[in-house]
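1. no FASTA, just this:
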DNA sequence: CGAATCTCTTGATCAAAATCAATGCTTTTT
DNA sequence: AAAAAGCATTGATTTTGATCAAGAGATTCG
């Protein structure tokens, strides 16, 4: 049930048995079915979810009803509305299961407790968030500097496994364009090869 | 010399005198004049810089020579090419002083040492990077979902002090549009009020 | 001080991407 | 198995923002 989680954890920060049980005792497991919501805009985000199995997305909805995907999370990734989680303010993101998924959940109180009680938990958290930060910088650069073709190809190269598991219009949303435009971009790429 | 740095540090994570001297002994001060580079694309990023005084920007240059600003850093912020810093790969960003600046610098070896020797340094690092991560998510959302007007107004509201210290074309670059377009956006905003 | 460089604005034109609309295919659901 | 919903593509049109070009202040630098 916690295999993927601790496998990742130990890869970044090796744990003793005792540390592992302490952490495990503060976690909870949750199963969620496709199209169900883990979080909806306006609610307070009470947990950080780590994906054991499955695939989720977080997204915002703009004033015209358009969806904009902020993040995909597959096995080994975490997903949350961190701002809401840390501040207790209402969430700006929706989080929805794209596939039936199994999650390892941590509440705010458990999170705070583990951060103070367990130095390795803090280290793991820092490492994860640092990697996520670097990935977001790359994404901003892609949004600002790349052509549509480059944005699409960078995504496909960087996340081939996600590309195979989500519909194309979600890829379009993630890289910031409409489904129609992505379809034409793909056609352009296909013909110029 | 380290006033701003430790003021921020203590605000997030209170330090004892001993901890403070340990950390201070691993830091270095650097002054840099306007228009000078702290880092150039292709070089290895050897340090994380914390801004004591002044203002810097990091940016990429695209294939047409266009500049895209990834980050501004003013007093109390850090700036670096974290990917290059952590991996030793060549930097993708340029970092340039927009004003004469005073920096508190930490090298990779000192960073690694402090992370292992000083739990509070790790905590401070985690808190800083978490805040930076949340800010980047907001920026991506702004790039994907907002109109140009909203992007500009969000920037002005969020960073009024930066807005007063950098030329407009840098704001344009940061929010992902051309100087000409920003000029017209400002005009639209002015006339509709 | 005077020349050069920056900075911002405005106008005209062009190119790119969004939007609107329709169709054929799959996949789900009942 | 039929109906419904979801998905990708294509075409026509419109809108948006980039580009090209010029000029008028500021500011900086020698």
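-> Alright, I've got the coordinates. Computed from a predicted structure; not experimentally measured.

2. Now do the strands in chain A.
-> A:28-32, A:37-39, A:47-53, A:55-61, A:67-74, A:78-79, A:94-97, A:101-107 (DSSP state E).

3. can you list those strands in CSV and add mean pLDDT and mean neighbour count?
-> Where you see a C-beta, it was placed from the backbone N, CA and C, and this is true even at glycine. Shown next, in CSV, are the strands of chain A (pLDDT from 0 to 100; neighbours: other Cβ atoms under 10 Å in any protein chain shown):
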stretch, mean pLDDT, mean neighbour count
strand A:28-32, 95, 14
strand A:37-39, 95, 19
strand A:47-53, 96, 21
strand A:55-61, 96, 21
strand A:67-74, 97, 21
strand A:78-79, 96, 22
strand A:94-97, 96, 22
strand A:101-107, 97, 21
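
4. out of those, nearest to residue A:157?
-> Closest to residue A:157 of the strands of chain A, according to Cβ to Cβ: strand A:67-74, at 15.0 Å.

5. could you check whether the closest one is close to DNA strand D?
-> No. Using Cβ under 7 Å from any atom of the strand, strand A:67-74 stays clear of DNA strand D, coming no nearer than 10.6 Å.

6. of all the strands of chain A, which lies closest to DNA strand C?
-> strand A:67-74 (10.8 Å; Cβ to the nearest atom of the strand).

7. so what's residue A:24 scoring on pLDDT?
-> Looking at residue A:24, its pLDDT reads 96.

8. mind checking how far it is from residue B:101?
-> Residue A:24 is 47 Å from residue B:101, where distance means Cβ to Cβ, to the nearest Å.

9. one step back: any chance of the strands of chain A in TSV, with distance to residue B:157 too?
-> As requested, those are exported to TSV (distance: least, Cβ to Cβ, whole Å):
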stretch	distance to residue B:157
strand A:28-32	36
strand A:37-39	26
strand A:47-53	28
strand A:55-61	18
strand A:67-74	20
strand A:78-79	28
strand A:94-97	24
strand A:101-107	33
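
10. Which of the ones you listed sits closest to residue B:169?
-> Comparing these by Cβ to Cβ, strand A:67-74 comes nearest, at 26.9 Å.

11. who's in contact with that closest one?
-> A:49, A:51, A:54-62, A:79, A:93, A:98, A:159, A:161-162, A:165-166, A:170, A:173-174, A:176, B:137, B:140-141, B:144-145 (Cβ atoms under 8 Å, 6 or more residues apart in numbering or on different chains).

12. change it to 6 Å
-> Residues outside strand A:67-74 that contact it (Cβ atoms under 6 Å, 6 or more residues apart in numbering or on different chains) are A:51, A:55-61, A:79, A:93, A:162, A:173-174, B:144-145.
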